[in-house]
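Peer 1: I would like to see how this sequence folds:
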Amino acid sequence: MIRGSNTKPHSAPSALPLCSKFMKMTSVSHPNEESKNQSSSSGLKDNRHELTISSLDTTQMLYIDDFFFMLGNSCNASDQSEYLFMVKGSEIKDHFKLHTKTLAIKKINIKEEKLIVSLGYDTIPEEGKTGDIDVVGAAGRRRCIKVWSYSSLIMGEYNDYVQAGITGGFEPSMSSPRIIELEDNVDSPPMDFLDVSACGQYIGVVSSRERITIHKAYPNFSIPPDKAIKSREIEVTLRKSSSQILSCHFYRDRISNINYVYIVASDMIYLIDTEKKVSETMELTMNEVEVIPSCAYCDNISGNLIVSQSYHNDPNVPPVGEAIYNLDTPPTLKFLSEGPRVFTKLYGKLMVVVTEKENKSKKHYLEIYDAGIQILYYSNSYHTIHEIIIESSTIYLFVTHDEKNGIAEKELIKLTEITVGEKIKILLEKSLFEQASQVAINAECSEEIKAAVAREQGDHFYLNRKYKEAMEQYIKTIGYEAPSYVIEKFLEVQNLDLLIEYLEKLIETPITKNNTLLGNNKDYTALLLNCYLKQEKKSKIEEQMIKDRGSDSIFDVETAIDVCRQKQGYSDLAIKLANRYEKWELLVSIYIEDSNQNITGALEIIDEKIKDVKDKLNLLKQYGGVILNRSSGFIHSEKKMSNLLLKITKYLIMKKKNPGFKSPEYQNYSMRDDKDDIKISEIIKIFVDNNDSLCEYLKKVLDEHGDDANKICGDDLHLYHKLLECYLNKYSEKRSTNVHSTISKIDNDIKDFVKINESKIDKSYVLYLFRFYSYLDGIQKLSQQLNMNQELLSVFIEKKEYDNIVRLCKEKGGQEKDLWIQALNHFREEGENFKLQECLEYISEKEVLTPLMVLDILKNTDSDLKFKYIRNYMFGEIKKLDSKIKNSKEEIEANMQGIAEKKKEYQVLTTTPQQFEQSTCSKCGDRLTVPTYHFMCGHVYHESCVEEDKETYKRVCLLCNKQFTEAIDRKNLFEGKARDHQQFFTELEGDDKKMDTIATYYGIGLFNDIQKELEENEL
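Peer 2: The predicted structure is shown next:
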């Protein structure tokens, strides 16, 4: 509601800045043309189209749909009666008679219908007389309100209301006005002010000095004739007997939808709620002021009421000023121009004031002010300003110019505002930055435009070395101006306090898609904190810590933590920041890397604060080696580290077995993606260079989880093998120290482990591990189990167990001749002549190796002693070869003798007839009967006993054919081999007795072609 105010200004304001370019002036009526068309006709009706606005003497004006409705008379016409003239441009289109005497006119819009409401007097002829008579008394005058249809007026469809009213035949219609008769009070003459509410429901009339009458009608005033319009009189108790009501103004509050009426008295403003049955009048204190008649106006959009007031009894203020009243705020007083007021209007936040000044020929002075930003928008002077109307965003003036050539031209002028952008540009050019900013705010411009204005003002202050004021403006540009622009300026002048102020505002600005110029927030945070550190403002850093920030803040916590860590004595702030903003990874880093180590605290953070198991492992992989190395002297930390890793391992195993696994023990454990397949191999990486810890970890994991743990170890990892490798690694390390007790314990651990887990390990891989770590006992045992004689021989050689070497060669050397070769080489290199002699004797006896191979192995021998054993071996082999040669010669002689005998038999068979004396069949044994078959071998068969071959159609001896076939096949085989050179080379490469292979192939004729070719070449 309206609140009263006793506040008065004590001095006149200084002159306001003039920005006359803020309004564009255009002529509506073109006065230069209309002066040529003025007519001297004496009749109005017959010559109305020849009249122009310059001939009108106007008192009031309306604007509807590009038409101006001017109330007055024509000073050039013979008929000086009052009419409502309809004007477009400079031409009068039509005229209407509203009343005998019209006091006021208003327009209202009801939905799509436009109405004109008039207040006036109608003269009523006496009974028995005709025509109009000017009778002032109640019997000869009727005061009434009429509601006219605008559409009917412009179509020429209206009735003579006077005649209709007199004859009593008036019927309300759209083409006739709706008449509301008013009561005249002779003792208290009525005033001539009319106002209509914005929605058209209320019509208010000042009916007497201290009374107004409010008429409530239907929205479209289409009330049946038998229905009376409800009227309500409101009497106002005036402060002084000399006071009187000047006007009333309706306003409908857009929020509450309540209709209010301002009542303007000569020394007071009142407010009444029209909806209440009992009128409650609220006074607005004006403190010894006097309202100027006809200078009160209510803006229907804002609900503001402007009133021009005189201050006669206050020497500290100008004699005349304007007060703006509102439903929610106290009156605002403005003192803008001196001189008597003619008109006062309100257009949004613009005040339109016309003052009367005696200045030669010009006496009316128009000024348009912006009451909010204290700017004079427009000013001009005219001889006379007859009327001002405000429509939407346009101001219309009806003015009379100074006389030229004896003619005073009248003109309709339209004033429109320039664009907001043009206004701001003009204000910036005039260095009116505050006003430019206010214009942007009032026009609800974008934040980019407001920031641009603030930057211009900031630059202005900066150039004038008003750094504090400049910073106030630069802060307004945050998010829309690159911060580097401001930072560079204040780094140049080395004003850290102002730079800190800017950076504090900057990091509090949330990041949005509209402020893309914020740049690298890490740099701004670092710069701010470094400014704090330079000025030793530790408390300011703590203030930044405790502020609540959203996720869109550009304050970079990680950068702040890093800056605090770098400054000695500020690590505690880094820890507080990390805790407050839950930067657990950074907190772990602080606890481990900084001088104030807290390894236990770091492990607790990883266990309790960091939820995702993968993140836990990443941190342990990053710092695990450091933690284990540093905690070597702290048993508690080492144990906590081991327990944490075992806990994580158990969680992974349980999740693998049951994806929905949950437990109070693991309430701080989760996996971002259930598809994450974390392997124990990732945990093992933490134990780099910490074999003892890894060995202990694996032992506990396998003891507790066994094969379940092995299922999540990874494709390239076997936990049993890895633990064995840890044992072997320890064995290898301790062996270099020659601490026999420790070595013996580890050796037992290895043997026990292999024995217990024999079924769970891959012996081949274990053998590889044994070989890699030179664990001979293990190699020996596994080689025996796997029948890997070469490995076993290598162990015996390394252990120098010569008897075992010879024994193994005798047992397995028959099938694996490489064992003998390896043994001979070893004995030769070591100079073990006795063992070498033993081996040679066994080789010679069993013919394991050829003499050439033995000679090749021992050919590098330089010792005479060794040559003695070689000589004995070679003599023995030569004797054996000599014996074989003799045997071969005897065999050859026997074969040659057999060949000679066969040749003789062949000769006899081919040259001498054979006599067959056999009387029985060689197959069935029955007596022979013809037909019979006799073969050269001497066998005889019945025809039925020897069948014909299906392929060759020949009969063969059943007893000799098998031997004959085998001989033929052997011959074909020899001939095939004689042509297969590749087979020869394959056998030659794989056979130790290469000369035997060569001799065999020589015998079957492999080299016959070569020999024949050589013989031919010799010939």
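
Peer 1: Longest helix of this structure, counting residues only.
Peer 2: Identified as the longest helix of the chain according to DSSP state H is helix 864-911.

Peer 1: for that one, packing partners?
Peer 2: Applying 3 or more CB pairs under 8 Å, 6 or more residues apart in numbering; DSSP states H and E, one finds that helix 864-911 makes contact with helix 833-846, helix 851-857. Bear in mind the C-beta positions are built from the backbone N, C-alpha and C, glycine included.

Peer 1: Might you calculate how far that helix sits from the centre of the chain?
Peer 2: Here the centre of helix 864-911 is set off from its chain's centre by 97 Å, with CA atoms, centre = their mean, to the nearest Å.

Peer 1: and it with helix 833-846, angle?
Peer 2: Inter-element angle recorded for helix 864-911 and helix 833-846: 10 degrees (by axes from the mean of the first three to the mean of the last three CA atoms, to 10 degrees).

Peer 1: average pLDDT for helix 864-911?
Peer 2: When pLDDT is averaged along helix 864-911, the result is 78.

Peer 1: thinking again about what came up before, export the helices and strands packed on helix 864-911 to a markdown table and tack on distance to residue 645, mean pLDDT and mean neighbour count?
Peer 2: Shown next, in a markdown table, are the helices and strands packed on helix 864-911 (distance: least, CB to CB, whole Å; pLDDT from 0 to 100; neighbours: other CB atoms under 10 Å):
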| stretch | distance to residue 645 | mean pLDDT | mean neighbour count |
| --- | --- | --- | --- |
| helix 833-846 | 54 | 79 | 17 |
| helix 851-857 | 56 | 77 | 16 |
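
Peer 1: Looking at those helices, which is nearest to residue 413?
Peer 2: Smallest distance to residue 413 across these (CB to CB): 129.6 Å, for helix 851-857.

Peer 1: which helices and strands sit right next to that closest one?
Peer 2: helix 818-830, helix 864-911.

Peer 1: CA-only coordinates of that helix, as PDB, when you get a sec.
Peer 2: Extracted C-alpha coordinates of helix 851-857, given in PDB (Å, rounded to 0.1, in the frame of the first residue of the first chain):
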ATOM      1  CA  PRO A 851      85.700 -93.000 -33.700                       C
ATOM      2  CA  LEU A 852      85.500 -90.000 -36.000                       C
ATOM      3  CA  MET A 853      83.000 -88.300 -33.600                       C
ATOM      4  CA  VAL A 854      85.200 -89.000 -30.600                       C
ATOM      5  CA  LEU A 855      88.300 -87.800 -32.400                       C
ATOM      6  CA  ASP A 856      86.400 -84.600 -33.300                       C
ATOM      7  CA  ILE A 857      85.500 -84.000 -29.700                       C
END
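
Peer 1: which residues touch that helix?
Peer 2: 821, 824-825, 828, 840, 843, 870, 873-874, 877, 881, 992, 994-995 (CB atoms under 8 Å, 6 or more residues apart in numbering).

Peer 1: and if we set it to 7 Å?
Peer 2: When contacts are defined by CB atoms under 7 Å, 6 or more residues apart in numbering, helix 851-857 is touched by residues 821, 824, 825, 828, 840, 843, 873, 874, 877, 992.

Peer 1: Just the buried residues of the residues you listed.
Peer 2: The neighbour count (16 or more other CB atoms under 10 Å) marks 821, 824, 828, 840, 843, 873, 874, 877 as buried among these.

Peer 1: one step back: point out the most buried one among the helices and strands packed on helix 851-857.
Peer 2: Among these, ranked by average contacts under mean count of other CB atoms under 10 Å, first place goes to helix 818-830 (a mean of 19).

Peer 1: which helices and strands does that one pack with?
Peer 2: helix 789-799, helix 802-812, helix 833-846, helix 851-857 (3 or more CB pairs under 7 Å, 6 or more residues apart in numbering; DSSP states H and E).

Peer 1: Let me know which of the ones you listed is the nearest to residue 291.
Peer 2: The closest of those to residue 291 is helix 789-799. By CB to CB, the value is 122.6 Å.

Peer 1: name the helices or strands packed onto the closest one?
Peer 2: Counting by 3+ CB pairs under 7 Å, 6+ apart, helix 789-799 packs on helix 776-785, helix 802-812, helix 818-830.

Peer 1: Now with 10 Å, please.
Peer 2: Helices and strands touching helix 789-799, by 3 or more CB pairs under 10 Å, 6 or more residues apart in numbering; DSSP states H and E, are helix 763-772, helix 776-785, helix 802-812, helix 818-830.

Peer 1: ok, which pair from the contacts of helix 851-857 is furthest apart?
Peer 2: 825 and 877 (19.3 Å).

Peer 1: Would you check how far apart residue 374 and residue 349 are?
Peer 2: Using CB to CB, to the nearest Å, residue 374 is found at 11 Å from residue 349.

Peer 1: which neighbours do these two share?
Peer 2: Listed as contacting both residue 374 and residue 349 by CB atoms under 10 Å, 6 or more residues apart in numbering are residue 438.

Peer 1: Pull the number of nearby residues for residue 237.
Peer 2: 9 (other CB atoms under 10 Å).

Peer 1: pretty sure it is in a strand, no?
Peer 2: No. Judged by DSSP: H, G, I helix; E, B strand; the rest coil, residue 237 forms no part of a strand; its state is coil.

Peer 1: pretty sure it contacts residue 245?
Peer 2: No. In this structure residue 237 lies outside contact range of residue 245 using CB atoms under 10 Å: 11.3 Å.

Peer 1: Quickly list what's touching both of the two.
Peer 2: 210, 268, 270.

Peer 1: Make sure the first one is actually in contact with residue 268.
Peer 2: Pointing back at residue 210 there. No. Using CB under 10 Å, residue 210 and residue 268 do not qualify as a contacting pair, with a distance of 11.3 Å.

Peer 1: Using CSV, write out the CA atom coordinates for the host helix or strand of residue 684.
Peer 2: Here residue 684 sits within helix 680-684, counting by DSSP states H and E. What follows is helix 680-684, C-alpha atoms only, in CSV (Å, rounded to 0.1, in the frame of the first residue of the first chain):
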residue,chain,number,x,y,z
ILE,A,680,45.7,-59.3,-8.5
SER,A,681,48.5,-58.7,-11.0
GLU,A,682,47.8,-55.0,-10.6
ILE,A,683,48.3,-55.3,-6.8
ILE,A,684,51.6,-57.2,-7.3
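
Peer 1: For the helix or strand that that helix is followed by, buried residues please.
Peer 2: Sequence-wise, the next helix or strand downstream of helix 680-684 (DSSP H and E) is helix 691-705. The neighbour-count check on helix 691-705 (16+ other CB under 10 Å) flags 691, 693, 694, 695, 696, 697, 698, 700, 701, 702, 705 as buried.

Peer 1: Distance check, the closest residue to residue 805 other than its chain neighbours against residue 858.
Peer 2: In space, and not counting its chain neighbours, residue 805 is closest to residue 796: 4.7 Å by CB to CB, 6 or more residues apart in numbering. As judged by CB to CB, residue 796 and residue 858 stand 20 Å apart.

Peer 1: Please apply the same query to residue 558.
Peer 2: Per CB to CB, residue 558 is found 76 Å from residue 858.

Peer 1: Surely residue 409 forms part of a helix?
Peer 2: No. Per three-state DSSP, residue 409 lies outside any helix segment and is strand.

Peer 1: Pull the number of nearby residues for it.
Peer 2: Neighbours of residue 409 (other CB under 10 Å): 21.

Peer 1: pLDDT value on it, please?
Peer 2: Reported pLDDT for residue 409: 86.
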